[in-house]
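[1] model the following, please.
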Amino acid sequence: MDSKTLVLVLGDQLSLNNPALRNAKPQVDTLLLAEVAEEAQYVRHNRHKLVLLFSAMRHFAELLRARGFTVIYRQFDEGVASLTQACTEALAALPEVTQLRVCASGEYRVEQIIGSWPQQLGVSVDRLEDDRYLCAIAQFKAWAKDRKQLRMEYFYRDMRKQYGLLLDDGEPCGGKWNYDAENRMGWRNQEPIPRRPDVSPDDITREVIEQVRAAFPHNPGDLDQFRLAVTHTEAQAQFDWFCEFGLAQFGRYQDALAEESPWLFHSLVSMYLNCGLLEPLAVCQQVEQAYRLGHCSLAAAEGFIRQVLGWREYVRGVYWLLMPEYAQRNTFGAKRPLPDFFWDGDTDLRCLQQALSQSLDLGYAHHIQRLMVIGISHSWLGLMSRRFALGIWRFMSMPMSGLSCPTPWVWRYTVITAPWPLSPMPPAASTFKSRVTIAPSAATTPVKPPGQMPALTTVCIGTSLIDIKSIWVATPVWD
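    Below is the predicted model:
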């Protein structure tokens, strides 16, 4: 007789490639998904993120049931306090179960909770590495060992070789590894912005929207504008659209800012990668195929693949290499709390006002808004980096590749569905709070902003940010 297992599926693991599901047996094992208060409330998440995850989880549960699995699903309104409680109650209802299986979490905090379960739950806990990522944690640690500087560019080249992406006879396509210099144009109405197809909410999503409105009335996020995919099929359709209509212009305008569109030509897939609706290698291969068929330039394809295969895997590697100490670094001793305008967008700094308001309402700001606008303003003002990053996680739902965001503000107010992109990247790239583990981005130097920001945007014109040069080279007003 087969032994029976309870398989816990976390909200950022909604993939049939989830290693915890690969050997699960229909009619034998029981699957558990739970919307719990501890995860939904420990920061004031953007409501777009909550709807995305709750709806995607419910749709995934239906997919699993259609495949013959018994699924225990706990909705938020049932009042389950924590993942520990959800597992305890499921095991109590299933006395024949002898093992809990779970894929390792993407968050250090949750990993500590899972680590306590063997003693708390009274059953064995089989915790599997999340091999949906393209670089194992042990592999990254081996790569980083004895290096004086963890340069993403060298890591990225190794990953290209490992997966054979954009290579001709083992050499980089076009003779260069990096075409970033061709991907820094301002948009300025030079190309029409294609109209993105909306995802029409179904009955499940509409129910989730109303439940989130009622349960989280004071959280940011204009749910009248909710437009995210919540199934694998919908997410793939969104990515197919990007490859056909957005990819060709994505590279050259990936750094551009425009009041006319929050999305421009971006892929908007990071949240789908981070919660399991899309797979990272598959999207990279699809973009490479588009290049091979002549549908986009090499610079566009390389720019996208660098974000996913390079930055995404690299930042995750740094997170697990250095946590939990890394999240506490504060090189310059910044200690000021966030000003009120970070919570309502009410500032006469036009660049900042647009980036903040967009993040609050839509859960989205792309990497230039997050690093060169929101991130560097955080550095000027000497704001506490950890509060800032958690805020971005709360408010945002969908940065382009879920990588470079300044950290509690970012985590709260965006639809970024995992915290690992936030602890390493924002502090290093826009605030330099973490010293030299990640070399500080050019976004933080006194050279790049004066020359690049006016070329990228007209958003700042007519505000107190117009004298960009004097602001970027000014001494931060830190106590």
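[2] where does the stretch 101-250 of the chain dip in pLDDT?
    183-189 (pLDDT under 70).
[3] can you map out the helices along it?
    108-115, 117-121, 137-144, 152-163, 203-215, 232-241, 247-250 (DSSP state H, counting those that start in this stretch).
[4] what's the closest of the ones you listed to residue 359?
    Proximity to residue 359 (C-beta to C-beta) singles out helix 203-215 among the helices of the stretch 101-250 of the chain, at 17.7 Å. (Glycine included, C-beta is placed from N, CA and C.)
[5] can I get that closest one as PDB, trimmed to CA atoms?
    Provided in PDB are the C-alpha atoms of helix 203-215 (Å, rounded to 0.1, in the frame of the first residue of the first chain):
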ATOM      1  CA  ASP A 203     -16.100  34.500 -11.900                       C
ATOM      2  CA  ILE A 204     -13.200  33.300  -9.700                       C
ATOM      3  CA  THR A 205     -11.200  36.500 -10.200                       C
ATOM      4  CA  ARG A 206     -14.300  38.700  -9.700                       C
ATOM      5  CA  GLU A 207     -15.000  37.000  -6.400                       C
ATOM      6  CA  VAL A 208     -11.400  37.400  -5.300                       C
ATOM      7  CA  ILE A 209     -11.500  41.100  -6.200                       C
ATOM      8  CA  GLU A 210     -14.600  41.700  -4.000                       C
ATOM      9  CA  GLN A 211     -13.100  39.700  -1.200                       C
ATOM     10  CA  VAL A 212      -9.900  41.700  -1.300                       C
ATOM     11  CA  ARG A 213     -11.700  45.000  -1.500                       C
ATOM     12  CA  ALA A 214     -13.600  44.100   1.700                       C
ATOM     13  CA  ALA A 215     -10.700  42.600   3.600                       C
END
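[6] hmm, who's touching it?
    Contacts to helix 203-215, defined as C-beta atoms under 8 Å, 6 or more residues apart in numbering, come from residues 47, 50-51, 54-55, 58-59, 62, 75-77, 201, 223, 226, 230.
[7] list only buried entries from the residues you listed.
    If you count burial by 16 or more other C-beta atoms under 10 Å, the buried members of these come out as 47, 50-51, 54-55, 58-59, 75-76, 201, 223, 226, 230.
[8] distance to residue 69 added to the helices of the stretch 101-250 of the chain, as a markdown table?
    What follows is those, written out as a markdown table (distance: least, C-beta to C-beta, whole Å):
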| stretch | distance to residue 69 |
| --- | --- |
| helix 108-115 | 21 |
| helix 117-121 | 21 |
| helix 137-144 | 29 |
| helix 152-163 | 31 |
| helix 203-215 | 18 |
| helix 232-241 | 16 |
| helix 247-250 | 36 |
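[9] can you put those helices in CSV and add mean neighbour count and distance to residue 340?
    Below are these laid out as CSV (neighbours: other C-beta atoms under 10 Å; distance: least, C-beta to C-beta, whole Å):
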stretch, mean neighbour count, distance to residue 340
helix 108-115, 15, 28
helix 117-121, 14, 41
helix 137-144, 15, 39
helix 152-163, 17, 35
helix 203-215, 17, 24
helix 232-241, 18, 35
helix 247-250, 22, 35
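[10] for residue 41, find the nearest of these.
    Nearest of the helices of the stretch 101-250 of the chain (C-beta to C-beta): helix 203-215, 9.1 Å.
[11] thinking again about what came up before, among the helices of the stretch 101-250 of the chain, which is nearest residue 333?
    Nearest to residue 333, of the helices of the stretch 101-250 of the chain and by C-beta to C-beta, is helix 108-115 at 23.7 Å.
[12] that closest one - contacts with which helices or strands?
    helix 83-93 (3 or more C-beta pairs under 8 Å, 6 or more residues apart in numbering; DSSP states H and E).
[13] please save the CA atoms from the helix it packs on in CSV.
    Below are the C-alpha coordinates for helix 83-93, written out as CSV (Å, rounded to 0.1, in the frame of the first residue of the first chain):
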residue,chain,number,x,y,z
LEU,A,83,0.9,28.1,7.1
THR,A,84,1.7,26.2,10.3
GLN,A,85,-2.0,26.2,11.3
ALA,A,86,-3.1,25.2,7.8
CYS,A,87,-0.7,22.2,7.9
THR,A,88,-1.6,21.3,11.4
GLU,A,89,-5.3,21.2,10.6
ALA,A,90,-4.9,19.3,7.4
LEU,A,91,-2.7,16.6,9.1
ALA,A,92,-5.3,16.3,11.9
ALA,A,93,-8.0,15.6,9.3
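[14] avg pLDDT for that helix?
    Across helix 83-93, the average pLDDT comes to 97.
[15] angle of that helix against helix 108-115?
    30 degrees (axes from the mean of the first three to the mean of the last three C-alpha atoms, to 10 degrees).
[16] what comes up buried for helix 83-93?
    For helix 83-93, by 16+ other C-beta under 10 Å, it's 83-91.
[17] related to what we said a few turns ago, reformat the buried ones among the contacts of helix 203-215 as TSV; add distance to residue 148.
    Below are the buried ones among the contacts of helix 203-215 laid out as TSV (distance: C-beta to C-beta, whole Å):
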residue	distance to residue 148
47	44
50	42
51	44
54	44
55	46
58	48
59	47
75	50
76	47
201	51
223	48
226	46
230	44
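[18] of these, closest to residue 144?
    Residue 144 has its nearest neighbour among the buried ones among the contacts of helix 203-215 in residue 50, at 34.6 Å by C-beta to C-beta.
[19] SS state for the closest one?
    helix (DSSP: H, G, I helix; E, B strand; the rest coil).
[20] which one is it nearest to, not counting chain neighbours?
    Distances taken as C-beta to C-beta, 6 or more residues apart in numbering place residue 212 nearest to residue 50, at 4.9 Å, with adjacent residues excluded.
[21] what distance do you get for that neighbour to residue 221?
    Separation of residue 212 from residue 221 (C-beta to C-beta, to the nearest Å): 8 Å.
[22] which residues are in contact with both of these two?
    What both residue 212 and residue 221 touch, as defined by C-beta under 8 Å, 6+ apart, is the set 47, 50-51.
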